[in-house]
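Enquirer: model the structure of this input:
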Amino acid sequence: MRRTITTQLAATALGLILAGAAWADPVEDTLVIDTDDGELEIVTTAPAPDHLKDVMDTIWSGWHYREDETRDLQRDDFDNPAMVFADRGLDRWNAEIGANGESCASCHQGPETFKGLRAVMPRVDEKTGKLMIMEDYIQSCVTERMGLEPWKVTGDEMKDMLALISMQSRGEIVNVAIDGPAQPFWEKGKELYYTRFGQLEMACANCHEDNQGMMIRADHLSQGQINGFPTYRLKDAGMVSAQQRFVGCVRDTRAETFAAGSDEFKAIELYVASRGNGLAVEGVSVRH
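Expert: Reported below is the predicted structural model:
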């Protein structure tokens with residue numbers, strides 16, 4: 001009985017949130033970025049991957065759900081506020097910050113050596129069998145190779161490096177593996193994606209699947225694609241990683257959230273990333 005009442009209250013709460021909401025289709029537009037190397041067209045819409053065919057026909061980058069002014073910020077690297085953080089990442093890449101004077105460059109040379117990596121992350125590490133997000137690889141370099149104290153998973157140092165590494169795969173098509181050793185992690189992420197959390201008893205799917213395209217208060221619900229992460233979020237006036245956004249989403253359901261970098265959020269990141277298979281990595285994007 002108590003469960004029924006709670007569910008009814010949650011449904012009522014969601015109804016009130018969406019009350020008066022208007023439907024707003026993703027904007028038909030093309031993202032061509034003016035870069036130092038010329039124009040680069042980004043694939044921001046694609047046929048849904050096979051594992052989503054029973055849910056939707058087309059996948060859309062969150063870029064299509066933003067206002068004209070926000071979308072325009074991403075069309076030119078000079079205007080994109082996220083580029084500042086990628087530049088900071090490059091400074092840190094070249095800095096001799098290790099316990100014995102090591103730098104990222106001393107092992108990996110230029111960051112371009114990571115071209116294509118962002119497009120296949122998260123992935124299962126062949127040596128350990130663990131599901132790894134980009135932060136895990138960065139952390140292993142920081143602690144094991146440089147002898148430094150761990151960086152905070154959602155800290156500025158980590159997000160600057162995420163921005164720099166992600167930029168190396170800009171324009172590459174997302175192709176996250178969901179079979180083989182990745183399958184159990186993917187299945188766990190899918191289960192969590194459809195699990196209702198918090199006092200509002202809401203799942204990721206309630207917003208980004210059931211109500212995607214709706215205007216909720218002053219915001220536009222997207223499909224929740226993460227091909228643009230890390231992103232400069234205007235609301236936060238700073239960079240936000242996918243792990244950081246997952247924390248915020250679960251808290252919005254009025255629930256005790258998992259920690260950024262936890263096994264649960266790694267699995268969710270794998271599943272959510274796979275929903276964007278076919279879109280292009282945007283490098284560093286701009287969102288509301």
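
Enquirer: what's the neighbour count on residue 232?
Expert: For residue 232, the neighbour count with other Cβ atoms under 10 Å is 24. Placement of C-beta: from N, CA and C, glycine included.

Enquirer: residues contacting residue 130?
Expert: 124, 136 (Cβ atoms under 8 Å, 6 or more residues apart in numbering).

Enquirer: ok, it to residue 184 distance?
Expert: Distance, residue 130 to residue 184, using Cβ to Cβ, to the nearest Å: 12 Å.

Enquirer: and if you look at residue 149?
Expert: 32 Å.

Enquirer: okay, the two: which has more neighbours?
Expert: Using other Cβ under 10 Å as the criterion, residue 149 and residue 184 rank with residue 184 on top: 12 against 8.

Enquirer: what's in contact with the helix or strand harbouring the more buried one?
Expert: Per DSSP states H and E, residue 184 falls inside helix 183-193. Residues outside helix 183-193 that contact it (Cβ under 8 Å, 6+ apart) are 122, 124, 131, 178, 203-205, 264, 266-272, 274.

Enquirer: which one among these gets closest to residue 241?
Expert: Checking the contacts of helix 183-193 against residue 241 with Cβ to Cβ, the nearest one is residue 269 at 9.6 Å.

Enquirer: ok, and what's touching stretch 172-180?
Expert: Here stretch 172-180 has contacts from 43, 51, 115-116, 118-124, 182, 186, 227, 270, 273-274, 276-281, using Cβ under 8 Å, 6+ apart.

Enquirer: ok, which stretches of the protein are strands?
Expert: Under the criterion DSSP state E, the chain contains strands at 31-35, 38-42, 45-47, 58-60, 123-124, 131-132, 215-216, 219-220, 231-233, 238-240, 285-287.

Enquirer: which helix or strand in this structure has the lowest average pLDDT?
Expert: Least confident element among the helices and strands of the chain, by mean pLDDT, DSSP states H and E: helix 2-18 (a mean of 45).

Enquirer: my read: residue 27 touches residue 70, true?
Expert: No. The pair residue 27 / residue 70 is not scored as a contact, 10.6 Å apart, by Cβ atoms under 8 Å.

Enquirer: overlap in contacts of these two?
Expert: By Cβ under 8 Å, 6+ apart, no residue touches both residue 27 and residue 70.

Enquirer: okay, now residue 57: neighbour count?
Expert: 8.

Enquirer: wait, what's in contact with it?
Expert: By Cβ under 8 Å, 6+ apart, the neighbours of residue 57 are 47-48.

Enquirer: for the residue nearest to residue 94 when sequence neighbours are not counted, give its distance to residue 50.
Expert: Leaving aside its chain neighbours, residue 94 sits nearest to residue 105 (5.2 Å; criterion: Cβ to Cβ, 6 or more residues apart in numbering). Distance, residue 105 to residue 50, using Cβ to Cβ: 40 Å.

Enquirer: got the contact list for the closest residue to residue 52 other than its chain neighbours?
Expert: Leaving aside its sequence neighbours, residue 52 sits nearest to residue 275 (Cβ to Cβ, 6+ apart; 6.0 Å). By Cβ under 8 Å, 6+ apart, the contact list for residue 275 reads 49, 52, 59, 223-225.

Enquirer: could you save the residues you listed as JSON lines and add columns showing distance to residue 81?
Expert: Listed next are the contacts of residue 275 as JSON lines, based on distance: Cβ to Cβ, whole Å:
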{"residue": "49", "distance to residue 81": "31"}
{"residue": "52", "distance to residue 81": "31"}
{"residue": "59", "distance to residue 81": "26"}
{"residue": "223", "distance to residue 81": "23"}
{"residue": "224", "distance to residue 81": "22"}
{"residue": "225", "distance to residue 81": "20"}
